[in-house]
Structures are given as C-alpha cells and as structure tokens.
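# A predicted structure for the sequence below; I have some questions about it.
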Amino acid sequence: MAFNDYFKTYPNRNSELRTVAKTMYEFGKTIASEPSAAHSNGLDEHALNRQKSYVAYAIDMVAALNTKPLPDNPATHPTDLPINFSDPYSTFTSGMGGEQIPLNEATQLLAEKWMITAVELAKSQSAALAGSLVDFDFQRANNNLTVIDKLIQEIEKRPFIDLPETAEPGAAFGVRSGGSR
C-alpha cells in the first residue's frame, strides 16, 4: 500500500478511539509542515520538544482509553462515527528530476509514523467497539508510539548538517505527490 492510500475515511464505531486516532493524524500533519521540514535534515529544538510532548500526550490518551470499561450502550450502538483522514499532509518538497520529493527525510519519516499509527488504530478491531481497546490493539498502539519516541531520540542525537552547496533555496510547500515511501 502506498503512503498516500492512507489518506481516506475509515469506518468506526468507537468515539473515543476516533478522537485518539484523529489526534495522532494531526500530530503527523503538524510535523509535515513544521518549519524544520524546510531544512535538508533534522529538527530544531522547538520541534523536538513539541514532538516529545506529542508522544507523551498520545501515550496518555491510549492508556486512558484502554483503562475504561467497555460501555454498555445497547440502545445507541452500533453507531457510525467515521474517522476522516482524507486531507493529505502538506510538506516542503524539492524538485528532483521532475518529481517533488520531501525535503527533510526526518520530518517526513515522523509524519509517516504518526499517520501509520493513526491508521493502525482506525483499522483496529477496537474501532468496532462502543469504546475502550482490546488488549492487542493497546499493545500495538504502545509499540508504535515507542517507535516514534525512539525515532525522535535518534533525530535529536543528529545535529543539523551544514550543506550550503547542495541545499535548494525556495523549496515548494504543498501536498505530497503520489508514490510509496
């Protein structure tokens, strides 16, 4: 599946899961258009701190959802509460051989990890429940958030690289072109 195929609306019956998944989708959207994404690599300290706070927030949201009992809603469930991820991420791109590619691979990878985590929740078995998470969906979400956290730690250890001769000033900012990553 190509990355752009994730940008669509997913069926859902779990209102709290929708909130958690949409939040992760928005975190990916934020990093994709982060000012650091206009650099050829890395994240500035503000972006790093923001991403760290996003991971902590997402971990807390997933844990809170998991600890809630499954609601007993026989008169109102199942409900139709779709999760709309149809707005593609905008990112800074650079023209390479007629194709627009992401300028900063670190921010691109983080955006993709946030989106994949959101989609994993949106497509989980828990999306069919009235609330809460089944154990393996909780474990999967935690694992994906740990992967994002580890990636942020790795990016933080790598300083910006000074590449003035190869940097392309005036990178475009727009919706990512098709293709898989």
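Done, it's in.
# now the longest strand out of those in the chain: buried residues?
Determined from DSSP state E, the single longest strand within the chain is strand 90-96. Neighbour-count burial for strand 90-96, with 16 or more other C-beta atoms under 10 Å as criterion, is recorded at 91, 92, 93, 94. Where C-beta positions appear, they are placed from N, C-alpha and C, glycine not excepted.
# now do stretch 22-33
Under 16+ other C-beta under 10 Å, the buried positions of stretch 22-33 are 22, 23, 24, 25, 27, 28, 29, 30, 31, 32.
# now do the helices in this protein.
For the chain, the helices defined by DSSP state H occupy 15-32, 45-67, 105-122, 135-157.
# mind giving me the packing neighbours of the second one?
It stands for helix 45-67. helix 15-32, helix 105-122, helix 135-157 (3 or more C-beta pairs under 8 Å, 6 or more residues apart in numbering; DSSP states H and E).
# which one, of those, ends up nearest to residue 54?
Taking C-beta to C-beta, helix 15-32 is the member of the helices and strands packed on helix 45-67 nearest to residue 54, at 4.5 Å.
# helices or strands next to that closest one in the packing?
Using 3+ C-beta pairs under 8 Å, 6+ apart: helix 15-32 touches helix 45-67, strand 83-84, strand 90-96, helix 105-122.
# mind doing that once more with 6 Å?
helix 45-67, helix 105-122 (3 or more C-beta pairs under 6 Å, 6 or more residues apart in numbering; DSSP states H and E).
# quick revisit: deepest of the helices of the chain, which one?
helix 105-122 (a mean of 23; mean count of other C-beta atoms under 10 Å).
# list of residues touching that one?
The contact list for helix 105-122, computed with C-beta atoms under 6 Å, 6 or more residues apart in numbering, reads 6, 10, 21, 24-25, 27-28, 31-32, 34, 36-37, 41-42, 83, 89, 102, 140-141, 144, 148, 155.
# export that helix as CSV, just CAs?
Output of helix 105-122 as CSV, limited to C-alpha atoms (Å, rounded to 0.1, in the frame of the first residue of the first chain):
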residue,chain,number,x,y,z
GLU,A,105,13.5,13.0,5.4
ALA,A,106,13.5,13.2,9.3
THR,A,107,10.2,15.2,9.3
GLN,A,108,8.8,13.0,6.5
LEU,A,109,9.5,9.8,8.4
LEU,A,110,8.0,11.2,11.6
ALA,A,111,4.9,12.3,9.7
GLU,A,112,4.6,8.8,8.2
LYS,A,113,5.0,7.1,11.6
TRP,A,114,2.2,9.3,13.1
MET,A,115,-0.1,8.5,10.1
ILE,A,116,0.6,4.8,10.3
THR,A,117,-0.1,4.7,14.0
ALA,A,118,-3.3,6.6,13.4
VAL,A,119,-4.4,4.2,10.6
GLU,A,120,-3.5,1.2,12.7
LEU,A,121,-5.9,2.4,15.4
ALA,A,122,-8.6,3.3,12.8
